[in-house]
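Enquirer: I would like to see how this sequence folds:
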Amino acid sequence: MSEPLDLAAIDLGATSGRVVHGRVSRDRLDITDVARFPNGAREDAAGALRWNVSGLFEAALSGLEETVRRAPRLAGIGVDSWAVDYGLLRDGKLLEEPYSYRDPRTARGVELVHIKRDHQALYRTNGLQFLPFNSLYQLAVDAERGILARADRALLVPDLLTFWLTGREVAEFTNASSTGLLDLSGETPEWDGSLLAELGVDPSLLAPLVGPGETIGPVTDAVATRVGAKPDVIAVGSHDTASAVVAVPARTERFAYISSGTWSLVGVETPVPVLTEESRLAGFTNEGGVDGRTRYLHNVMGLWLLSETLRTWAERGRTHELGALLEAAADVTGPVGTFDADDASLLPPGDMPARIEALLRAGDQPVPSTPAGLVRSILESLALAYARTLQAAARITGEQPEVVHIVGGGSQNALLCQLTADRTGLPVLAGPVEATAMGNLLVQARSFGAVGDTLDELRDLVARTHPPKLYHPRD
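Expert: Predicted coordinates:
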C-alpha cells in the first residue's frame, strides 16, 4: 500500500476561511482543520462593501505554516472560494480590495450590460441564471468608473490567491464559468470575445484558462521560505460548489445535489450545458464542473436567511443558541407560512426578520409569533424552493433523480434535511459537511496519482470513508 499523500486545501467562504490538512490515498481520506479565520464584507470609508482578501491571504499563509509543521512533506495546495468577485491588478499589484457581490453597485452594471445584450441573448452563450452580481455586471461598473482602464489583469478571488502563491496568473475554468464571460455554446468553452468587445473590456484583462487537475506551479521562493516547504499549487474546482460536487458520495448517476451553505446550489450534473429558452425562464444556470461536467443548478438564497436573522436578533440583544432554536422549530405545530426564498429583497444585509414577515403578509401567509416559528418558516421555505427546483430540473433535462444529496454546512441541519425529504418525496443523504475541502483535496490527489482516475472512484472513496446519513420522506 502506498503512503498517504499530504495536501492542503485553502477554502474561503463568505463568512469564514480555513486551511485544511488532508491525508489521502486510495483507501483513506482524512481531513483536519488546521486554521480557521473569520471573513465578511465590510464597508469602506465610502460605504462600499469590500472583502479583505489581503488579510485572508495572510491568514492562509499562517495556516500553511502550521500545516507544514504537522506535515513536512506537504505535496500540494489547492484554493477554492465563492464565485464572481475579483481583484484588479496593475503590474502584479492589487489596485484595491475586491468589492463584494452584495454591494448595491451591481444594479448599475445590469443597466449597462443589458443596453448592449439582454439576458435572453446572454443566456444563449453563457447559460447563466440572471443574478445581478455576476462578474460581467461588476466589470461594466468598473469600466464606467474608470478603474478598469488602469488595470492590466482581473483575477477571481481563488485565482488571486493562486497568483500570490505561485506568481502565475491563470483563470480556473469552473469559477470562470460563473463570470458570464465564457461562451459555452461551442465544443470548447472559451472567453467570449464578441461580448468583451461589446462591453469595451480588453480581452487581455482575463487570464488564460486552466482546468481542474492542472499543475499551476510550485510556490514562490518567498512563500516557500515563509511556510517552510515548496509544494505545488494544483488547480482544483476553485468554485467552492464545483469542489463540493466532486465529493458528493453518490452511488448512482441519477442523483441531485444541494450544496448547502450561505447559498444553496440545487441541481444535477449534465454532460453538456442546457441553453434553451425554457431553461432560462426556469432560472437555471450552467456552471463548469470537474471533468467537463456541467453543474446544472439554480441558486437559492440558502442559510444566509437564517444567519442574517440570527445576526439581526443578536444586534437587538436577543441571542439564541442555534441548536435549541432548531429543536423548538421542529416542534412547531399548526400552519407554517412559506415565502419565496429567492425574492430579491432578501439579498442585502439588514433586518431579515422584517423582510421575511413582509413577504409572508404579502402572500397572505401566517406570520410567526415566536423565533422558533420564524426559523421553521425559513426552513420550510427553503425545502419548498429545493423541491420546486428539482422538479423543474427533472422536467427540463428528462432525468428524474433517485436520491438527493445534501452536502456542506446545511447537511448538519437535521430539520432542513428531513423537510427536504418530505417536500421532494425523495430519500435525502446528508453529508459530508466538509465536501468542499474534500473535493479540493481529491482533485489534487488525483493529479499526483494517489487516488482513482474517475469521478465515480473519487465519490466512492468519500462514501466509504464518510458515509452520509439517510432521511426518508414522511407520509
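
Enquirer: quick one: average confidence on stretch 400-414?
Expert: For stretch 400-414, mean pLDDT is 96.

Enquirer: Could you do stretch 319-329 as well?
Expert: For stretch 319-329, the mean pLDDT works out to 95.

Enquirer: begin at 3 from here
Expert: That works, and once the first residue is 3, the last one we named lands at stretch 321-331.

Enquirer: what's that stretch in contact with?
Expert: 312, 315-316, 372-375, 377-378, 381, 415-417 (CB atoms under 8 Å, 6 or more residues apart in numbering). The C-beta positions use only the backbone N, C-alpha and C, and glycine is treated the same way.

Enquirer: Kindly recompute the last result at 6 Å.
Expert: 373-374, 377-378, 417 (CB atoms under 6 Å, 6 or more residues apart in numbering).

Enquirer: Using TSV, lay out the residues you listed together with distance to Val115, neighbour count and secondary structure.
Expert: Shown next, in TSV, are these (distance: CB to CB, whole Å; neighbours: other CB atoms under 10 Å; DSSP: H, G, I helix; E, B strand; the rest coil):
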residue	distance to Val115	neighbour count	secondary structure
Pro373	40	17	helix
Ala374	43	19	helix
Val377	37	24	helix
Arg378	39	25	helix
Leu417	40	18	helix
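
Enquirer: Closest to Thr190 out of those?
Expert: Leu417 (43.8 Å; CB to CB).

Enquirer: Name the nearest residue to the closest one, sequence neighbours excluded.
Expert: Ala332 (4.9 Å; CB to CB, 6 or more residues apart in numbering).

Enquirer: what about that neighbour, how many neighbours?
Expert: 15 (other CB atoms under 10 Å).

Enquirer: That one contacts Cys419, correct?
Expert: No. Contact criterion CB atoms under 6 Å: Ala332 and Cys419 do not qualify, at 11.4 Å.

Enquirer: Which phi and psi values does the residue nearest to Leu417 adopt?
Expert: The phi/psi pair for Ala332 (degrees, to the nearest 10) reads phi -70, psi -30.

Enquirer: do the same with the one 5 residues further on
Expert: Summarising the backbone geometry of Pro337 under the convention degrees, to the nearest 10, its torsions are phi -60, psi 140.

Enquirer: dump the residue contacts of it.
Expert: Pro368.

Enquirer: and it, how far is that from Asn442?
Expert: Between Pro337 and Asn442 the computed distance is 43 Å (CB to CB, to the nearest Å).

Enquirer: Likewise for Gly400?
Expert: To Asn442, Gly400 is 32 Å away according to CB to CB.

Enquirer: Met354 too?
Expert: Met354 is 30 Å from Asn442, by CB to CB.

Enquirer: swap in Ile380?
Expert: 29 Å.

Enquirer: Check Leu130 too.
Expert: Between Leu130 and Asn442 the computed distance is 23 Å (CB to CB).

Enquirer: Give me the more crowded residue out of these two.
Expert: Asn442 (36 against 26).

Enquirer: For the closest residue to the more buried one other than its chain neighbours, list the residues it contacts.
Expert: Distances taken as CB to CB, 6+ apart put Ala11 closest to Asn442, at 4.0 Å, once the chain neighbours are dropped. For Ala11, the contact set (CB under 6 Å, 6+ apart) comprises 22, 80, 439, 442-443.

Enquirer: ok, Phe450 to Leu463 distance?
Expert: Using CB to CB, Phe450 is found at 14 Å from Leu463.

Enquirer: what's in contact with stretch 458-476?
Expert: 31, 249, 251-252, 419-420, 423-424, 427, 429-434, 444.

Enquirer: next one: stretch 399-409
Expert: 246, 250, 254, 256-262, 396, 419, 426, 428-432, 437.

Enquirer: Tell me the span between the first and last residue of it.
Expert: 22 Å (CA to CA, to the nearest Å).

Enquirer: Now do it: distance to the chain's middle.
Expert: The chain centre lies 19 Å from the centre of stretch 399-409; the measure is CA atoms, centre = their mean, to the nearest Å.

Enquirer: Please narrow the contacts of stretch 458-476 to those residing in strands.
Expert: Using DSSP state E, the subset of those located in strands is 31, 430-432.

Enquirer: Just the buried residues from the residues you listed, in ChimeraX please.
Expert: ChimeraX command restricting those to the buried ones, with burial defined by 16 or more other CB atoms under 10 Å:
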select :31,430,431,432
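
Enquirer: hang on, Leu163 packs against Val81?
Expert: Yes. In this structure Leu163 lies within contact range of Val81 using CB under 6 Å: 4.9 Å.

Enquirer: Before we go further, Asp458 is sitting in a helix, right?
Expert: Yes. Counting by DSSP: H, G, I helix; E, B strand; the rest coil, Asp458 is located in a helix.

Enquirer: Could you tell me which residues within the helix or strand hosting Glu310 count as buried?
Expert: Assigned by DSSP states H and E, Glu310 belongs to helix 306-317. Buried residues in helix 306-317, counted by 16+ other CB under 10 Å: 306-312, 314-315.

Enquirer: Which neighbouring elements make contact with it?
Expert: helix 354-364 (3 or more CB pairs under 6 Å, 6 or more residues apart in numbering; DSSP states H and E).

Enquirer: Just the residues contacting the helix it packs on, thanks.
Expert: The contact list for helix 354-364 (CB under 6 Å, 6+ apart) reads 310-311, 314, 339, 341, 345, 347-348, 369.

Enquirer: could you redo the last one with a cut-off of 8 Å?
Expert: Under CB under 8 Å, 6+ apart, the answer for helix 354-364 is 307, 310-311, 313-315, 339, 341-342, 345, 347-348, 368-369, 376, 379-380.

Enquirer: Can you show me the CA trace of it as CSV?
Expert: Provided in CSV are the C-alpha atoms of helix 354-364 (Å, rounded to 0.1, in the frame of the first residue of the first chain):
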residue,chain,number,x,y,z
MET,A,354,-34.0,39.8,7.7
PRO,A,355,-36.9,39.0,10.1
ALA,A,356,-38.8,42.2,9.0
ARG,A,357,-38.3,41.4,5.3
ILE,A,358,-39.5,37.8,5.7
GLU,A,359,-42.5,38.9,7.7
ALA,A,360,-43.4,41.4,4.9
LEU,A,361,-43.2,38.7,2.3
LEU,A,362,-45.4,36.4,4.4
ARG,A,363,-48.0,39.2,4.8
ALA,A,364,-47.9,40.0,1.1
